[in-house]
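Visitor: Starting from these lines, generate the structure:
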Amino acid sequence: MNRLDYVVLIATILAIPIYGLWRTRGSASLRLYLKGDASIGWATIGLSVLATQAGPITFLSIPGQAYESGIGFIQNYFGQPLALIVVCAIFVPIYQRLKVYTAYQYLGQRFDRKTQLLGAFLFLVQRGLAAGITIYAPAIVLSALLGWRLNLTIWLAGGLVMIYTVAGGTKVVSITQRYQMIVILVGMAIAFAVAVYRLSPDLSFESTLSVAGKMGKLEAVSFSVDPHKRYTFWSGVIGGFFLALSYFGADQSQVQRYLAGGSLKESRLGLLFNAAVKVPMQFFILLLGAIVFMFYQFEKPPVYFNQPAYQRAAENGYATQLAALQTQFDDVFAQKRAAIRAVSSALPDQRDMAMARLHELEAQARDLRDQTKTVLVQAGVDPKSKESDYVFITFILQQMPHGIVGLLIAVILCATMSATAAALNALGTTTAVDFYRPLIRPNASDHHYVIAAKALTAAWGFVAIAVASFASLVENLIEAGNILGSVFYGSILGLFLAAFFIRGVTGSAVFFAAIIAQALVFILFGMTNIGYLWYNFIGCAAVLIVAPVLQQTIFRSTKAPAGV
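Guide: Prediction:
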């Protein structure tokens, strides 16, 4: 990065929060601090909801995911549009009618205090950890490639978000997310255009996509029924539906986004905007990763994209082994480039043989990358994130024009800030409304609760920074976040669906059913390797099955509360 890149980066990440703080200056009541005002329309709500979900790992990891495994990850989102329609039809009207600040207040009104606290507690644990990952994920990659100190990167990103979120509450989060999301969409569109422009002139764009498809990078849908396969049509439609339903319906970081402003119509329009936009946006980000893959079939890539770790291993006495692997990789790359040209020009009766040769060379290249990773582990520099997380950022730093580099680094940091701000806003609100106000200071003034909400938001900011400072990821970054959500979300969603649809159960039955369901998910997570999207369905189904059984066998003498 040069001076122009740093000017663009700093101007972008500072201008938006400063503008947001200016728009929200002055004192605010608890309602304004936690829910905003009528100036927050459907477009702001829609972009805010989109920005909350599309964190930094979306733009850092998903292109690398496509580079490594193809665009099949898109199947994770197949259930989301239907889930958003269900949220619009069932969840939003109830929340708006009851004028709740948090989703878990509804559980308290429908069941009892302990069920409300259980739902809020599960959310706080999951989202508190996820907020740390949101900060850590880009910090570990940016610090490695740009030479920034990791802890300083974490504290700068987390500290800036904490300052403006504490100061302005929900309204500043919604306003900043709107403009951060615009920056993100513009930046990714530019990246897509540059990546297409940088493709080899040896092949037309159509031929490039054809070769990418033959190499398995454009297989978007798999109808496999193997539960151990992570990305399939069925896991996306069923597991993805339950994940999205729990996330948008029962995760306060999203609920708070679409309750901002307080209008049922605006909330619904904002969510339906996401139903229409999310899948196409994810598709184009994945397609960008596939295009970057094809770019590196003609432009020689490094044998290992995490070059800082590679250099440390060389300095630790493994330079000879790494140089030998690099030489072999360069030879395979040259053969593979020739094989791709042969595939594109082969006659129909020769195409299968040419493709078989290409697949053989691709397998050799993957094996050499694996061997390089083994050497890095032996050298004691095993990286804390997957190599594919470094693919897109390496492409940005090496292939983008100056100025655009700064903008795209700003995209990643804007995504970090927007997702973290939503999480801190929700964590502070949930702690203040569901725990502090009813359990510690039930009769304090409105001003007191505003101060308490700000203090608790700041406290969660320090927790997220602490989690980020000690985090050690072992999975692809976006998978780490989704796995964490899948482990907790099913039980939380089960609480809400039981509240909506099972009128004969009491709070005690649902409370213990959720604990049993959560324990079951933990056991399955530790003892099996089924696709993580299924944990949402399992946890939710367990609550809905166990709660009526407990009601009929143990709590049958307890009268169920009237429906809310």
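Visitor: Give me the below-cutoff pLDDT ranges for the stretch 451-564 of the chain.
Guide: Applying pLDDT under 70 to the stretch 451-564 of the chain flags residues 471-482, 485, 557-564.
Visitor: 80 instead, please
Guide: Residue ranges of the stretch 451-564 of the chain with pLDDT under 80: 470-486, 528-533, 556-564.
Visitor: do the same with the stretch 1-150 of the chain
Guide: Looking at the stretch 1-150 of the chain by pLDDT under 80, you get 1, 26-28, 38, 54-58, 60, 137, 140-142, 144-147.
Visitor: Please enumerate the helices of it.
Guide: Counting by DSSP state H, counting those that start in this stretch, the stretch 1-150 of the chain has helices at residues 3-23, 30-35, 42-53, 56-69, 80-86, 92-98, 103-110, 113-146, 150-197.
Visitor: which residues are contacting stretch 179-197?
Guide: Residues outside stretch 179-197 that contact it (CB atoms under 8 Å, 6 or more residues apart in numbering) are 12, 16, 19-20, 47-48, 50-51, 54, 59, 205, 281, 284-285, 287-288, 291-292, 295, 395-396, 399-401, 404, 407-408, 410-411, 414-415, 417-418. Just so you know, the C-beta spots here come from the backbone N, C-alpha and C atoms, and that holds for glycine as well.
Visitor: hmm, back to that, among the helices of the stretch 1-150 of the chain, which comes closest to residue 342?
Guide: Within the helices of the stretch 1-150 of the chain, the stretch nearest residue 342 is helix 56-69; the backing value is 22.4 Å (CB to CB).
Visitor: by how many degrees do the closest one and helix 113-146 diverge?
Guide: Per axes from the mean of the first three to the mean of the last three CA atoms, to 10 degrees, the angle that helix 56-69 makes with helix 113-146 is 60 degrees.
Visitor: one step back: what subset of the contacts of stretch 179-197 is buried?
Guide: For those, a neighbour count by 16 or more other CB atoms under 10 Å gives the buried set as 12, 16, 20, 47-48, 50-51, 54, 59, 281, 285, 287-288, 291-292, 295, 395-396, 399-400, 404, 407-408, 410-411, 414-415, 417-418.
Visitor: Single out the most deeply packed of the helices of the stretch 1-150 of the chain.
Guide: helix 56-69 (a mean of 26; mean count of other CB atoms under 10 Å).
Visitor: got the angle for that helix vs helix 150-197?
Guide: Between helix 56-69 and helix 150-197, the angle comes out at 50 degrees (the same axes, to 10 degrees).
Visitor: residues touching the closest residue to residue 244 other than its chain neighbours, list them.
Guide: Closest residue to residue 244 apart from its sequence neighbours, by CB to CB, 6 or more residues apart in numbering: residue 83 at 3.6 Å. The contact partners of residue 83, taken as CB under 8 Å, 6+ apart, are 240, 241, 242, 244, 245, 248, 249.
Visitor: circling back: out of the helices of the stretch 1-150 of the chain, which comes closest to residue 380?
Guide: Going by CB to CB, the one of the helices of the stretch 1-150 of the chain nearest residue 380 is helix 113-146, 15.7 Å.
Visitor: burial measure for residue 204, as a count.
Guide: Under the neighbour criterion other CB atoms under 10 Å, residue 204 is assigned a count of 11.
Visitor: ok, now how distant is it from residue 210?
Guide: Separation of residue 204 from residue 210 (CB to CB, to the nearest Å): 9 Å.
Visitor: Check which residues of stretch 71-82 are buried.
Guide: Of all the residues in stretch 71-82, those buried under the rule 16+ other CB under 10 Å are 71, 72, 73, 74, 75, 76, 77, 78, 79, 80, 81.
Visitor: and it, how far apart are its ends?
Guide: The straight-line separation of the ends of stretch 71-82 (CA to CA, to the nearest Å) is 21 Å.
Visitor: on that earlier part again, now flag whichever of the contacts of residue 83 is closest to residue 525.
Guide: After measuring these against residue 525 - CB to CB - the closest member comes out as residue 242, at 15.6 Å.
Visitor: Tell me the confidence at that closest one?
Guide: If you check residue 242, the pLDDT there is 86.
Visitor: what about it, neighbour count?
Guide: Residues lying near residue 242 (other CB under 10 Å) number 26.
Visitor: mind listing what it touches?
Guide: By CB under 8 Å, 6+ apart, the contact set of residue 242 is 79, 83, 489, 490, 493, 536, 537, 540.
Visitor: Which one of the residues you listed sits in the busiest neighbourhood?
Guide: Using other CB under 10 Å as the neighbour criterion, residue 536 leads the contacts of residue 242 with 33 neighbours.
Visitor: The residue lying closest to that one once chain neighbours are set aside: helix or strand, and which one exactly?
Guide: Excluding its sequence neighbours, the residue lying closest to residue 536 (CB to CB, 6+ apart) is residue 242, at 3.9 Å. In the assignment (DSSP states H and E), residue 242 maps to helix 240-250.
Visitor: how close does the residue nearest to residue 244 get to residue 261?
Guide: Going from residue 83 to residue 261 by CB to CB gives 22 Å.
Visitor: contacts for stretch 516-529?
Guide: With CB under 8 Å, 6+ apart as the criterion, stretch 516-529 contacts 122, 228, 487-488, 490-491, 494, 530, 535, 538-540, 542-543, 546.
Visitor: how about the helix or strand hosting residue 372: buried residues?
Guide: Assignment of secondary structure by DSSP H and E places residue 372 within helix 348-378. Residues 354-355, 357-358, 361-362, 364-365, 368-369, 371-373, 375-376 are the ones in helix 348-378 that count as buried (16+ other CB under 10 Å).
Visitor: How is residue 305 assigned, secondary-structure-wise?
Guide: Recorded secondary structure, residue 305: coil (DSSP: H, G, I helix; E, B strand; the rest coil).
Visitor: For the closest residue to it other than its chain neighbours, give me its contacts.
Guide: Excluding the flanking residues, the one nearest residue 305 by CB to CB, 6+ apart is residue 390, at 4.0 Å. Residues near residue 390 by CB under 8 Å, 6+ apart: 64, 141, 144, 145, 305, 306, 307.
Visitor: returning to that earlier point: distance-wise, check the residue nearest to residue 244 relative to residue 541.
Guide: Residue 83 sits 16 Å away from residue 541, going by CB to CB.
Visitor: and what of residue 392?
Guide: Counting by CB to CB, the gap from residue 392 to residue 541 is 37 Å.
Visitor: Which one of those two is surrounded by more residues?
Guide: Neighbour count, other CB under 10 Å: between residue 392 and residue 541, residue 392 has more, with 28 against 17.
Visitor: what helix or strand does the more buried one sit in?
Guide: Going by DSSP H and E, residue 392 is in helix 391-399.
Visitor: What is the next helix or strand after that helix packed up against?
Guide: Next helix or strand after helix 391-399 toward the C-terminus (DSSP H and E): helix 404-430. On a contact count with 3 or more CB pairs under 8 Å, 6 or more residues apart in numbering; DSSP states H and E, helix 404-430 meets helix 3-23, helix 42-53, helix 56-69, helix 113-146, helix 150-197, helix 252-258, helix 391-399, helix 446-469.
Visitor: Residue 217: which of those helices is closest?
Guide: Shortest distance between residue 217 and the helices and strands packed on helix 404-430, using CB to CB, is found for helix 56-69: 6.7 Å.
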